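Trainee: below is the sequence, then the predicted model.
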Amino acid sequence: MISIESTSSIIIVCAGIGLLWAFLQFTLIAKTKVSAHEQVDEKSSLVGGSARTQEAQTAKLKEIYTAISDGAEAFLHAEYSICGIFVVFFSVVVFCLISWGQSVGEGFLTTLSFILGAVTSIASGYIGMKVAVFSNVRTTINAQKDGYQECFNTAFRAGSVMGFALSGLGILVLYVTLMLFYTGFDQKDWDIMMGCISGYGLGGSSIAMFGRVGGGIYTKAADVGADLVGKVVHGIPEDDPRNPATIADNVGDNVGDVAGMGADLFGSFAESTCAALVIASQTYELRNAGWGAVCYPIAVRNAGWGAVCYPIAVSAIGVIVCLVTSFLATHIYPVTTENKIELALRLQIIVSTVLMIPAVYFLGSNMLPDTFVIDGVNSVIKATSYDAFICVVAGGVGGLVIGLTTEYYTSKEYQPVIELANSCKTGAATNIIYGLSLGYKSVIVPVFVLALIVYVAFELCDLYGIALAAVGMLGNLATGLTIDAYGPVCDNAGGIAEMAELPKQVRHKTDALDAAGNTTAAVGKGFAIGSAALVSLALYGAFVVRIRQAQIHAHEDASVSVQILHPLTFAFLLIGSMLPYWFSAMTMKSVGEAAMEMVNEVQRQFLETPELLHENTTLRPDYERCVEISTKSALKEMIAPGALVMLAPLITGTLFGVHAVYGLLTGGLLSGVQLAISMSNTGGAWDNAKKYIEGNIDPLLGGKGSDCHKAAVVGDTVGDPLKDTSGPSLNILMKLMAIISLVFADYFFAINGGRGLLGLAQ
């Protein structure tokens, strides 16, 4: 068994290396100066009809880059101001309720953890946005060079900065906080300490909710508005500088797809780790590292710390594995041609998952006792370090299978999207019917995989096994974030190329990078949804464990496990399974209302200034008005869905007790995961079906401007809020309800012995 010093060294050094690697990647990106390259396309002309010069083109690139940067900065500043007010208010709620249900000291520490988690989540989203905005114009500039390697590497490194910075920062803040708490708790009270640290996950997930919902509404209001009026009604290209909503659309890629996703996956990491820590700290033989009696207090405390912190070490070693894997894309197998882009990104997930296996085995052999007894939900289980290793690997490999399945259903290289593109021959209606069918069908394999992971993990290590599986699925988080953030950077790069009227070969490169980015974004969403399901179940398990501990302390019978057929549990199972639909209705309606306002604004500008539609016009639309519409709509509409998710478990636990919360969490998880997968994959497939037609891969479909293309654009527009707002936000619904229940478990139990104010439970 390794010492506390060795445990700290592994975790802190790995996190530090991740942060340093992120900084190094940023310096490599910064070497590209915002300066245009000489063009060989003599027919191209700068906006305004003047002859193209490098100076004028550079000025145009800087103007567009600044507009996107300012818009993203303004939105995040406004959003985080609201989040700051929320953090202050909810900190008071956390402190008061935890202090009442437990003690003032625990209330203070839980509140401190909550604030740290929220601040880290805000920092993660902000860093991701700044790096993406910094890198998108540099990707465009490098796309003017020969080949694909320079522009691909720039976008990939932008994703790496976000992936490694977020992973390193999250691990470091969590572990340093744990070490501070460690000095104030005896070993027998580590379960109380880990309960306090669960506030870290609550803070991260709370901010992620606002980031995902607010960013999603922002980006899709602009995207739908730009598509409907621009491409469908007037037939102008995507990201055309004449479209008033194009700047808002590009801003949305950064605040929704980058900052939102970063906060989402940070929340998953924090919550899965907190769930594993809570369960491990309440497992006597893990806490004492397999030592039957406390004969050597210092040695047992040191060894026990390593065993309890095993989940954090898995995440830490994953940073190193992802770092090694990144060399595949930039050095070992560089992207020199278009057909290598998707393969290079796919290899990142596959290779990092494979390399995690020996790394996890090494950690388990050295940090966990050879055998340990788990007082499970239904029985006492004798587990081994090898069992724990299998649980982690099951989560990691399961995540890979879910990611590859998502790629199959959303990539234009495979039959489902090709069939979807061909359905556009008979119009938008058949395209939508095919797309919905594809999304529903894409749920089958991921659900079977999740079910298998849950069964294996639970059989081997009970609830602790499920928590380890969730940690394992997020073990290569840095790689997952890298390939996910890559997509929006490429999308923005293409938009900048279009708005700056760069030659067609530049836009062809950025479109090729973006098409792969659409697939990786879909894979990232599948990865996020799968991990969210396991994280939610792990948090649910930790909640059950906390309630059992409360029962033991109150000298009540703790042998009865969750009873689905308990009247309150079953009733709230139905209510919980309805919540994802209620939540999705709210977010989709918000996108629809904001998009309608955006459509009206774009159409107004075209009607009042018809010269904007002339191909060589020198006039420019009012971009700022569209940015303002998206910002106001997103900030206003993100409050109600967030309140629904956060208040549901609090009201349920307060009024109806823990049996009702059991049902609420079960129902929300079961319907939420399937609805999220189908929504995300339907939208991703519609997007790539449109790109399949635009690429003229099948000449029979007519390419851009054809009737098939118009039908595909309608499908893509319908799918936008599914894949970028409602679907991804359901991840957080599942996790946030569970982490709130865990944090307030003792508060719920303190109300009438867990029966709630109404006392309906028997």
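Mentor: Now that the structure is in, tell me what you want to look at. Numbering: from 1, shown residues only.
Trainee: helix or strand for the closest residue to residue 118 other than its chain neighbours, which one?
Mentor: If the residues on either side of it in the chain are set aside, residue 118 comes closest to residue 203, at 3.6 Å by Cβ to Cβ, 6 or more residues apart in numbering. The C-beta positions use only the backbone N, C-alpha and C, and glycine is treated the same way. If you go by DSSP states H and E, residue 203 is part of helix 190-226.
Trainee: re earlier: touching, the residue nearest to residue 118 and residue 112? I think so.
Mentor: No - between residue 203 and residue 112 there is no contact under Cβ atoms under 8 Å: 9.7 Å.
Trainee: more crowded one of those two?
Mentor: residue 203 (30 against 21; other Cβ atoms under 10 Å).
Trainee: which residues touch that one?
Mentor: The contact partners of residue 203, by Cβ atoms under 8 Å, 6 or more residues apart in numbering, come to 87, 113, 114, 115, 116, 117, 118, 119, 120, 121, 270.
Trainee: tally of neighbours for residue 100?
Mentor: Neighbours of residue 100 using other Cβ under 10 Å come to 14.
Trainee: got a pLDDT number for it?
Mentor: pLDDT for residue 100: 91.
Trainee: contacts only, for residue 207.
Mentor: Applying Cβ under 8 Å, 6+ apart to residue 207 gives the contacts 83, 87, 117, 118, 121, 122, 125, 263, 267.
Trainee: now the residues you listed as CSV including pLDDT and distance to residue 538?
Mentor: Shown next, in CSV, are those (pLDDT from 0 to 100; distance: Cβ to Cβ, whole Å):
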residue, pLDDT, distance to residue 538
83, 92, 25
87, 95, 25
117, 94, 17
118, 94, 21
121, 91, 19
122, 91, 24
125, 86, 23
263, 85, 19
267, 86, 13
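Trainee: and which of those residues is nearest residue 654?
Mentor: residue 87 (21.6 Å; Cβ to Cβ).
Trainee: can you say which helix or strand has the closest one in it?
Mentor: Per DSSP H and E: helix 54-101 holds residue 87.
Trainee: in the helix or strand just after that helix, what's buried?
Mentor: Heading C-terminal from helix 54-101, the first helix or strand you meet, by DSSP H and E, is helix 104-143. Buried positions in helix 104-143, judged by neighbour count with 16 or more other Cβ atoms under 10 Å: 106-107, 109-143.
Trainee: also stretch 8-20?
Mentor: 8, 10, 11, 12, 14, 15, 17, 18, 19.
Trainee: for the second one, which non-adjacent residue is spatially closest?
Mentor: What it means is residue 10. Residue 10's closest residue in space is residue 313 (Cβ to Cβ, 6+ apart), at 5.5 Å.
Trainee: got the contact list for the one you found?
Mentor: Per Cβ under 8 Å, 6+ apart, neighbours of residue 313: 7, 10, 11, 306, 363, 367.
Trainee: for residue 188, see how far away the residue lying closest to the third one once chain neighbours are set aside is.
Mentor: So the one you mean is residue 11. Computed as Cβ to Cβ, 6+ apart, the closest residue to residue 11 that is not its neighbour in sequence is residue 316, at 4.5 Å. According to Cβ to Cβ, to the nearest Å, residue 316 stands 26 Å off from residue 188.
Trainee: of all the contacts of residue 313, the one with the weakest confidence?
Mentor: Least confident entry in those, by pLDDT: residue 306, with 82.
Trainee: circling back: buried ones in the one helix or strand the residue nearest to residue 11 maps to?
Mentor: Here residue 316 is covered by helix 310-327, with elements defined by DSSP H and E. Neighbour counts over helix 310-327 (16+ other Cβ under 10 Å) mark 310-323, 325-326 as buried.
Trainee: repeat that for stretch 429-436.
Mentor: Quick answer for stretch 429-436 (16+ other Cβ under 10 Å): 430, 431, 432, 434, 435, 436.
Trainee: residue 382: what secondary structure?
Mentor: Here residue 382 takes the strand state, with states given by DSSP: H, G, I helix; E, B strand; the rest coil.
Trainee: ok, it touching residue 373?
Mentor: Yes - if you go by Cβ under 8 Å, residue 382 and residue 373 touch, sitting 5.5 Å apart.
Trainee: no more questions from me, cheers.
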